[in-house]
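Need the 3D shape of this:
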Amino acid sequence: MSKFEFTGAIFEWRGPSPYYFIEIPVDQSVKIREQASQLTYGWGVIPVTGEIGNTEFTTSLIPKEGIYLLPIKNEVRMSEGLEVDQEVHVKLTLGRA
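Numbering: from 1, shown residues only. Here you go, the predicted model:
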């Protein structure tokens, strides 16, 4: 399993209900895309285990315009006290254990 670390700002996408994401930097998105065919379970999404602060969570990366977006669940935001525009350090492991 491949591991990545990066820092990015939380942003909000407002649709029918708000969703929160962090953009994965281009250089790391390229490396992830190289492994995508072995990991995706459809629509290009890639299962991952993430870690922010003391909170570990599972989710799936979403491809968008040449990069990947990391969805941030409300339980992660609340337990770590995260806010929109806050810079966050993230650890990711591709795939699921």
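
I'd like to know which elements the helix ranked longest in the chain is packed against.
Longest helix in the chain by number of residues (criterion: DSSP state H): helix 26-39. With contacts taken as 3 or more CB pairs under 8 Å, 6 or more residues apart in numbering; DSSP states H and E, helix 26-39 sits against strand 3-14, strand 46-52, strand 55-64, strand 67-71, strand 87-94. Every residue, glycine included, has its C-beta placed from N, CA and C.

Identify the residues contacting the residue nearest to the spatial centre of the chain.
With distances taken as CA atoms, centre = their mean, L70 lies nearest the centre of the chain, 2.0 Å away. By CB atoms under 8 Å, 6 or more residues apart in numbering, L70 lies in contact with G8, F21, I22, E23, I24, V48, G50, T59, L61, V90, L92.

Contacts for the helix or strand of the chain with the lowest mean pLDDT next, please.
When each helix and strand of the chain is scored by mean pLDDT, DSSP states H and E, helix 26-39 comes last, with a mean of 88. Helix 26-39 has contacts (CB under 8 Å, 6+ apart) with 2, 4, 6, 24, 44, 46-47, 61, 63, 66-68, 94-95.

And for stretch 90-97?
So stretch 90-97 is in contact with 1-8, 22, 24, 32, 35, 39, 46-52, 58, 70, going by CB under 8 Å, 6+ apart.

cool, stretch 5-20 as well?
Outside stretch 5-20, the residues that reach it (CB under 8 Å, 6+ apart) are 21-25, 28, 70-72, 74, 77, 82-92.

quick check, distance from stretch 49-58 to the centre of its chain.
10 Å (CA atoms, centre = their mean, to the nearest Å).
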